[in-house]
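>>> Just a sequence and a predicted model for now, questions to come.
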Amino acid sequence: MSTEQDDFQATYPINLLLKAMPCLVVGGGQVAARKVQGLIAAGAKVTVLSPVLAEAMSPYIGDINYLPQAYGDFSGDLAGFWLVFAATSDEAVNKKITEECNAIKVFCCAVDENWKKGGFISPATIRKGGFTIGISTEGKDCVKSKEMKEKMMKLIDLAHT
């Protein structure tokens, strides 16, 4: 019988230096756009793989290498990337991406239940006034992380007024 404690896996927080590092985001929706935004802010060399891009991706078109295809049609080499986000709306595809990344030792984060099999999770992040603050429930509740981020942003705004 599995308990929540059995499923718990502690994380080790780090800030990655991604300037010019090749990173792949598989997916073209709003969640993928948030991942792209953060990677671009970190100076990563971002490739987006998706048959279509949501409107949320439009601000990043000039800053990304866009491959307009589905992951199943991708003939590229995942080993060419340092970090991968599996950010599709298809859990089976995200699982396959995570498994393939694990097999070749490429850091991967899935944005669904497959995160448990990946190499990292990304916290809710605040960048303000020269600080970067990451907020994580270590994968237990992403909604709570987002709520705490919003509360922290209000506190930071109050402290700077």
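Cool, got the structure. Worth saying up front: this structure is predicted, and the values here are computed from it rather than measured.
>>> Residues in a beta bridge with residue 124, which ones?
Using DSSP bridges, the bridge partners assigned to residue 124 are residue 135.
>>> Surely it and residue 145 touch.
Yes: the pair residue 124 / residue 145 is scored as a contact, 4.2 Å apart, by Cβ atoms under 8 Å. The way it works is simple: take the backbone N, C-alpha and C, and place the C-beta from them, glycine included.
>>> Name the residues contacting each of those two.
Common neighbours of residue 124 and residue 145, counting by Cβ atoms under 8 Å, 6 or more residues apart in numbering, are 135, 136.
>>> Any idea how many residues pack against residue 93?
The local packing of residue 93 (other Cβ atoms under 10 Å) involves 19 other residues.
>>> That one and residue 36, how far apart?
18 Å (Cβ to Cβ, to the nearest Å).
>>> Can you give the distance from the longest helix belonging to the chain to the centre of its chain?
In the chain, taking DSSP state H as the definition, the longest helix is helix 142-159. Helix 142-159 has its C-alpha centroid displaced from the chain centroid by 19 Å (Cα atoms, centre = their mean, to the nearest Å).
>>> and that helix, what other elements does it pack with?
strand 124-128, strand 131-135 (3 or more Cβ pairs under 8 Å, 6 or more residues apart in numbering; DSSP states H and E).
>>> Let me know the angle separating the last one from helix 142-159.
For strand 131-135 against helix 142-159, the angle between stretch directions is 150 degrees (axes from the mean of the first three to the mean of the last three Cα atoms, to 10 degrees).
>>> same check, this time on the first one
Per the same axes, to 10 degrees, the angle that strand 124-128 makes with helix 142-159 is 20 degrees.
>>> quick one: average pLDDT of stretch 48-61?
Averaging pLDDT along stretch 48-61 gives 97.
>>> Please read the previous query as pertaining to stretch 95-105.
95.
>>> shift numbering so it begins at 52
All set: I'll call the first residue 52, so the last point we hit is now stretch 146-156.
>>> Which residue ranges make up the domains of this structure?
Listed by automatic domain parsing, the domain ranges of the chain are 66-168, 175-210.
>>> First-to-last residue distance for the longest one?
Terminal residues of domain 66-168 are spaced 21 Å apart (Cα to Cα, to the nearest Å).
>>> in stretch 141-148, what's buried?
141, 144, 145, 146, 147, 148 (16 or more other Cβ atoms under 10 Å).
>>> One more: stretch 152-159?
Within stretch 152-159, the residues that qualify as buried are 152, 157, 158, 159, counting by 16+ other Cβ under 10 Å.
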